[in-house]
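heads up, no residue letters with this:
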């Protein structure tokens, strides 16, 4: 009889005695010899899980097996840990006249009792795999709740260094800033200053000549991932990624134990910029053209696009996007200098309304509230205190359920209680002196001096200011400009 031997190890199994590829191969060869079988080939999947059938060697064996041959494995769980996959293979082999044997288990697939037994064993193997995955996830959730890094490739700007041992002899690592940390910080600064993904990508790839952590070039998507990753602001994140994001009910974002690369205020500002740009066409949110992004056609409401006529020495003009894309609008040319000048007049009119200090302060308060920036120092302290209490509650539950002993509970909760006492002391001091008035005064003062700021601003800075204070600018064919501030000023 011809035997085809299948071997597999996963990362965990490689450390277990008797599961190495060499040990499996020796046992399979000896067993085949004892049965008088000739081994046609050995099919090896190295470091691959048995949770599904997406394994190169397994696929090759299934394609080459023939009628009258036998599939030989060291143990059933080397072949599969999924009952549905096992049932599929056994039914197909039975129909094709293929036998199945295990070196270490007595299976007889020629009887109903034997087929039932092998399915029960596979069911237990699947239960073990799912139980292990659940325990692993619980451990990772606990580490995330405690602010620890759960491993994997270090984010750009960090490197992973050994920081002791975990349970089971596993190495524990922590994140520390790398030589590229200043690059990440500058990336954030450029982004909030008005640069878009394409500009930032070219800056990293061409000007700085830096490779991504995987050794390739940076892309717009990888830059976007950096700009939204809370790790850079000193947070520890779990179940938080490109698809699920921070609003996922399973997401955990808590104070991390690693050093932040980006100041918390700068990171939060970058998130607000992202949110403001999401609703805009891709190339309208960034760039130097003042009205792209907030400029709308007064006839059809389409976004305005900037165009340049080099034959007329760089003459700039805006066109309606619907005129360009589908021809459904007739607004084909509006002089850029003229409408931008009229927009500047509208800005000055707003500033004149804010000449009164009281009105400017009222506007600033509303603006900060809309931007989500009206935060006192005590609010951040309350958030950190809540995180400390949450970490303590995790260990309280473990103690109540008998998962840990009291001395372990004391060791685990002591640093959180110490941090909680420190935060409470900071809270008491902050409540005596902190107020929002300082922030409001700064914004109000900036508004009263807006005209001077506007005159000295670069094109990129003017664009950022325009998008901050105006949600829409309507431009009509007769050059009339109608502005809509983001915040409405009351007449009181």
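That came in fine, so what should we check first? Values in this document were obtained by computation on a predicted structure and should not be read as measured data.

check contacts around residue 300.
320, 322, 328-329, 331 (CB atoms under 8 Å, 6 or more residues apart in numbering). All C-beta spots, glycine's among them, are computed from the backbone N, C-alpha and C.

List the contacts of the helix or strand encompassing residue 25.
Assigned by DSSP states H and E, residue 25 belongs to helix 21-35. Identification of contacts with helix 21-35 by CB under 8 Å, 6+ apart yields 1, 3, 5, 7, 9, 17, 38-39, 42, 44, 46, 72-74, 78, 103-104.

Hmm, residue 292 is touching residue 303, no?
Yes - judged on CB atoms under 8 Å, residue 292 makes contact with residue 303 at a distance of 7.4 Å.

Could you single out the nearest of the contacts of residue 300 to residue 53?
For the contacts of residue 300, the closest approach to residue 53 (CB to CB) belongs to residue 322, at 51.2 Å.

where does the closest one land in three-state SS?
helix (DSSP: H, G, I helix; E, B strand; the rest coil).

before we move on, the earlier item: buried by neighbour count, from the contacts of residue 300: which ones?
Among the contacts of residue 300, those buried by neighbour count (16 or more other CB atoms under 10 Å) are 320, 322, 329, 331.

Mind putting those residues into CSV with pLDDT and distance to residue 200?
Output for the buried ones among the contacts of residue 300, formatted as CSV (pLDDT from 0 to 100; distance: CB to CB, whole Å):
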residue, pLDDT, distance to residue 200
320, 87, 29
322, 83, 30
329, 86, 32
331, 82, 32
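
between those residues, which is nearest residue 152?
Looking across these and measuring by CB to CB, the closest to residue 152 is residue 322, at 45.7 Å.

circling back to that earlier point, farthest-separated two in the buried ones among the contacts of residue 300?
With CB to CB as the measure, no two of the buried ones among the contacts of residue 300 lie farther apart than 322 and 331, at 8.3 Å.

Now for those two: what residues contact both?
Contact criterion CB under 8 Å, 6+ apart; residues bridging residue 322 and residue 331 by contacting each: 297, 300.

ok, back up a step: dump the buried ones among the contacts of residue 300 into a markdown table; add distance to residue 392 as well.
Below are those laid out as a markdown table (distance: CB to CB, whole Å):
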| residue | distance to residue 392 |
| --- | --- |
| 320 | 59 |
| 322 | 58 |
| 329 | 61 |
| 331 | 62 |
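
from those residues, which is closest to residue 471?
Nearest member of those to residue 471, counting by CB to CB, is residue 320, at 18.6 Å.

Neighbours of residue 191, how many?
Neighbouring residues of residue 191 were enumerated by other CB atoms under 10 Å; the total is 24.

in the strand or helix carrying it, what's buried?
Element membership for residue 191, per DSSP H and E: helix 181-192. Buried positions in helix 181-192, judged by neighbour count with 16+ other CB under 10 Å: 181, 183-185, 187-188, 191-192.

possible to save these as a markdown table with pLDDT and distance to residue 270?
A markdown table is the format used below for the buried residues of helix 181-192 (pLDDT from 0 to 100; distance: CB to CB, whole Å):
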| residue | pLDDT | distance to residue 270 |
| --- | --- | --- |
| 181 | 92 | 16 |
| 183 | 92 | 15 |
| 184 | 93 | 11 |
| 185 | 92 | 11 |
| 187 | 92 | 9 |
| 188 | 92 | 5 |
| 191 | 87 | 6 |
| 192 | 84 | 5 |
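
returning to what we had before: buried subset of the contacts of helix 21-35 as a PyMOL selection?
To isolate the buried members of the contacts of helix 21-35 in PyMOL, using 16+ other CB under 10 Å:
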select buried, resi 3+5+7+9+39+42+44+72+73+74+78+103
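
from the contacts of helix 21-35, which ones fall inside helices?
Of the contacts of helix 21-35, the ones assigned to helices by DSSP state H are residue 78.

now, which of the contacts of helix 21-35 lie within strands?
3, 5, 7, 9, 38-39, 42, 44, 46, 72-73 (DSSP state E).

where exactly do the strands run in the stretch 251-400 of the chain?
For the stretch 251-400 of the chain, the strands defined by DSSP state E, counting those that start in this stretch cover 252-255, 295-297, 304-309, 315-320, 334-335.

Who does residue 236 form a beta bridge with?
residue 254 (DSSP bridges).

follow-up on the earlier one: between the helix holding residue 25 and strand 2-9, how big is the angle?
Using axes from the mean of the first three to the mean of the last three CA atoms, to 10 degrees, one finds that helix 21-35 and strand 2-9 are set 160 degrees apart in direction.

and residue 396, how far is that from residue 410?
Using CB to CB, to the nearest Å, residue 396 is found at 12 Å from residue 410.

same question, residue 104
According to CB to CB, residue 104 stands 45 Å off from residue 410.

which residue packs closest to residue 317, ignoring adjacent ones?
Spatial nearest neighbour of residue 317, excluding adjacent residues (CB to CB, 6 or more residues apart in numbering): residue 333 at 4.8 Å.

hang on, the one you found packs against residue 319?
Yes - at 6.5 Å, residue 333 counts as touching residue 319 under the criterion of CB under 8 Å.

Touching both of those two, which residues are there?
Here residue 333 and residue 319 have residue 307 as joint contacts, going by CB under 8 Å, 6+ apart.

The two: which has the busier surroundings?
Ranked by neighbour count (other CB under 10 Å), residue 333 and residue 319 place residue 319 first, with 18 against 14.

what sits up against the helix holding residue 191?
Contacts of helix 181-192 (CB under 8 Å, 6+ apart): 156-158, 199-200, 203-204, 208, 210, 223, 226-227, 232, 261-262, 266-267, 269-270, 273.

Any of the residues you listed buried? List them.
156-158, 199-200, 203-204, 223, 226-227, 232, 261-262, 266-267, 269-270, 273.

Mark which of those are part of helices, please.
Among the buried ones among the contacts of helix 181-192, the members falling in helices are 199-200, 223, 226-227, 266-267, 269-270, 273 (criterion: DSSP H).

need these in CSV with pLDDT, can you?
Output for these, formatted as CSV (pLDDT from 0 to 100):
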residue, pLDDT
199, 82
200, 88
223, 88
226, 90
227, 89
266, 89
267, 88
269, 85
270, 87
273, 79
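
which two from these end up farthest apart in space?
Spatially, the most separated pair among these is 199 and 267, at 19.6 Å (CB to CB).
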